[in-house]
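1. need a 3D model of the sequence below.
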Amino acid sequence: MPLKLDRRALFVPNVGGALQYRKQINERWSIDIEQTFQADCAFKGSWGTGISIGYDVLKQAEHQFIVALGPGFFFRNSWFVLEGYLPVEELNVSANQKYEYLFVPVVPHVEYAYFPRGKKLGFSAYCIFDPINVLGNAGFGVNYRLEDRRLRTEN
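-> You can find the predicted model right below:
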């Protein structure tokens with residue numbers, strides 16, 4: 001794990017990005033679609049795809065706090081090429097052992113988003129709970145708000 005921050009590799013930054021689209025279905029509920037692309041902790045390619053139902057616990061013009069749940073699919077380049085790798089019990093392996101993958105019926109995540117007053121560009125911090133180790137994967141992002149008539153009237 002080349003980017004580990006401690007000897008036991010409990011804290012390892014992953015380099016990558018995520019795309020998310022959120023469609024409000026009413027004042028508090030939304031449908032979210034997420035796609036991630038990153039180098040995992042072994043610096044091999046990995047991807048995550050999910051769709052979830054989100055609930056805005058806090059929804060103001062400048063601040064949002066969202067809790068969401070939904071199924072997810074995790075896919076990575078196999079670690080079988082790494083010396084001493086012991087297979088992760090929860091992961092399925094492709095027939096040629098080039099890929100490892102997992103479908104998870106419920107992946108919870110939380111997100112806080114801040115949009116400066118009257119701006120479409122904002123920032124967020126989020127945590128997606130890792131389906132393999134049941135740990136949190138945290139990150140920061142830049143958000144762009146498409147036109148939202150409900151929030152435009154509040155500004």
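2. from here on, contacts and neighbour counts on C-alpha atoms
-> OK.
3. quickly list what Gly48 is bridged to.
-> Thr36, Phe74 (DSSP bridges).
4. one more: Arg22?
-> With DSSP bridges applied, Arg22 shows beta-bridge pairing to Asp32.
5. hmm, it is touching Arg28, no?
-> No. Here Arg22 lies out of contact with Arg28, judged by C-alpha atoms under 8 Å, at a distance of 11.8 Å.
6. who has more neighbours out of these two?
-> Taking neighbours as other C-alpha atoms under 10 Å, Arg22 and Arg28 compare with Arg22 leading, 17 against 13.
7. need the contact list for the nearest residue to Leu121 once chain neighbours are set aside.
-> Spatially, and ignoring its direct neighbours in sequence, Leu121 is nearest to Tyr144 (4.7 Å; C-alpha to C-alpha, 6 or more residues apart in numbering). If a contact means C-alpha atoms under 8 Å, 6 or more residues apart in numbering, then Tyr144 has 120-122 as its contacts.
8. tell me, how many residues neighbour Gly70?
-> 18.
9. for it, what are its contacts?
-> Here Gly70 is in contact with 50-53, 105-108 (C-alpha under 8 Å, 6+ apart).
10. model confidence for the closest residue to Pro105 other than its chain neighbours, exactly?
-> Leaving aside its chain neighbours, Pro105 sits nearest to Pro71 (4.3 Å; criterion: C-alpha to C-alpha, 6+ apart). pLDDT for Pro71: 94.
11. middle-most residue in this structure, spatially?
-> Ile128 (4.9 Å; C-alpha atoms, centre = their mean).
12. secondary structure element for that residue?
-> strand 121-129 (DSSP states H and E).
13. can you show me the CA trace of that strand as CSV?
-> Output in CSV follows, covering the C-alpha atoms of strand 121-129 (Å, rounded to 0.1, in the frame of the first residue of the first chain):
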residue,chain,number,x,y,z
LEU,A,121,-20.9,26.0,-7.3
GLY,A,122,-20.4,24.5,-3.9
PHE,A,123,-18.3,22.1,-1.8
SER,A,124,-19.1,18.9,-0.1
ALA,A,125,-17.7,16.3,2.3
TYR,A,126,-19.0,12.8,2.3
CYS,A,127,-18.5,9.3,3.8
ILE,A,128,-19.4,6.1,2.0
PHE,A,129,-19.3,3.0,4.2
